[in-house]
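**Student:** could you work out the structure for the sequence below:
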Amino acid sequence: MIGGSGLNGIPGSSSINGQSTIGGHYIESSVVQVDECMLRPGLCGGGACIDTPDGYECQCYPGYVRKKNYPPGGGASYQTCEDINECNQGFCQGGTCVNAPGSFTCTCPPGFDVSSDGKLCIDHDECSQNGMCANGMCINMDGSFKCQCKPGFVLSPTGHACTDVDECYENPLICLNGRCDNTIGSYRCACQPGYSPSPDGGFCVDLDECAAGSDRFTGARQCSNLACA
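**Tutor:** A predicted model of the protein is given here:
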């Protein structure tokens, strides 16, 4: 509608000597229904322009908010839809928030994933992946994880698994008086003749054949146990 301050706050409209103008062009002073939305495409910016009997109304899209603005040179106010900066609302905690027109994105550091609603950085449970910390126990941590290895295993260079310890290589004196055979997670001693594995299996001890009670050593014979040279 035509009024003394222009056409319902349409940017670019004004009143000269009681005559309304738009873009410098005079409009008849009789009462006229003007479709501001058709007259100024994109009037609402990030929203849909709805023509009304009293002017127009902006229905903003998600990620935009309706604002009332005033022309720099004065005049009637007009409304438009402006982008909401979601990064100022505390989103993407623990990560980096990047604002975009009508939206935003979260960039999360290693060990974190973007939540299903895209608003947060949440811990990634590495232990849920198959094969993590083989031969050990996977312990999830905030943004990371660690492997707790079983006895006989050490952490691999990548830190993602536990590898077997070669006890025979690590300790050359192991299985004294015998041969050390490495096994997965352990080892065993193959003793020389005349020796037997110790109770803990860690080395070879002299086998006392006399104490074994062999019936070969009876009567006047005397048994003397000797260590093998």
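**Student:** okay, CA-based contacts and neighbour counts for the rest of this
**Tutor:** Fine.
**Student:** flag the shaky bits of this protein, pLDDT-wise.
**Tutor:** Residues of the chain meeting the criterion pLDDT under 70: 1-32, 211-229.
**Student:** now do the same contact list for the residue nearest the centre of it.
**Tutor:** Nearest residue to the geometric centre of the chain (Cα atoms, centre = their mean): Phe112, 1.6 Å. Contact analysis of Phe112 by Cα atoms under 8 Å, 6 or more residues apart in numbering lists 121-124, 143.
**Student:** which of those tops the neighbour count?
**Tutor:** Neighbour tally across the contacts of Phe112 (other Cα atoms under 10 Å): the maximum, 23 neighbours, falls on Cys121.
**Student:** quickly list what it is bridged to.
**Tutor:** Taking DSSP bridges as the rule, Cys121 bridges to Val114.
**Student:** can you report phi and psi for the closest residue to Thr96 other than its chain neighbours?
**Tutor:** Excluding the flanking residues, the one nearest Thr96 by Cα to Cα, 6 or more residues apart in numbering is Thr107, at 5.0 Å. With angles defined as degrees, to the nearest 10, Thr107 sits at phi -110, psi 120.
**Student:** in this structure Thr107 contacts Cys97, no?
**Tutor:** Yes - the pair Thr107 / Cys97 is scored as a contact, 6.4 Å apart, by Cα atoms under 8 Å.
**Student:** okay, those two: which has more neighbours?
**Tutor:** Of the pair Thr107 and Cys97, Cys97 is the one with more neighbours under other Cα under 10 Å, namely 21 against 17.
**Student:** what ranges does the chain have for its helices?
**Tutor:** 36-39, 167-170 (DSSP state H).
**Student:** out of those helices, which is closest to Ser156?
**Tutor:** Among the helices of the chain, the nearest to Ser156 by Cα to Cα is helix 167-170 (15.9 Å).
**Student:** now do the closest one: distance to the chain's middle.
**Tutor:** Distance, stretch centre to chain centre, for helix 167-170: 40 Å (Cα atoms, centre = their mean, to the nearest Å).
**Student:** just the CA atoms of it, as CSV, please.
**Tutor:** Output in CSV follows, covering the C-alpha atoms of helix 167-170 (Å, rounded to 0.1, in the frame of the first residue of the first chain):
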residue,chain,number,x,y,z
GLU,A,167,62.2,-65.5,25.5
CYS,A,168,64.9,-67.7,23.9
TYR,A,169,66.4,-64.6,22.2
GLU,A,170,65.8,-62.2,25.0
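**Student:** packing partners of it?
**Tutor:** Judged by 3 or more Cα pairs under 8 Å, 6 or more residues apart in numbering; DSSP states H and E, helix 167-170 is in contact with strand 178-183, strand 186-191.
**Student:** swap in 6 Å and give it another go.
**Tutor:** Of the remaining helices and strands, none touches helix 167-170 by 3 or more Cα pairs under 6 Å, 6 or more residues apart in numbering; DSSP states H and E.
**Student:** for it, which outside residues touch it?
**Tutor:** Cys180 (Cα atoms under 6 Å, 6 or more residues apart in numbering).
**Student:** ok, now with 8 Å
**Tutor:** By Cα under 8 Å, 6+ apart, the residues outside helix 167-170 that reach it are 174, 180-182, 186-187.
**Student:** check stretch 77-89 too.
**Tutor:** Stretch 77-89 has contacts (Cα under 8 Å, 6+ apart) with 8-11, 43-47, 57-60, 63-71, 97-104.
**Student:** quick one: which of these sit in strands?
**Tutor:** Assignment to strands by DSSP state E places the following of the contacts of stretch 77-89 there: 47, 57-60, 64-69, 97-100, 103-104.
**Student:** just the buried residues of those.
**Tutor:** Burial by neighbour count, judged by 16 or more other Cα atoms under 10 Å, picks out 47, 57-60, 64-66, 97, 99, 104 from those.
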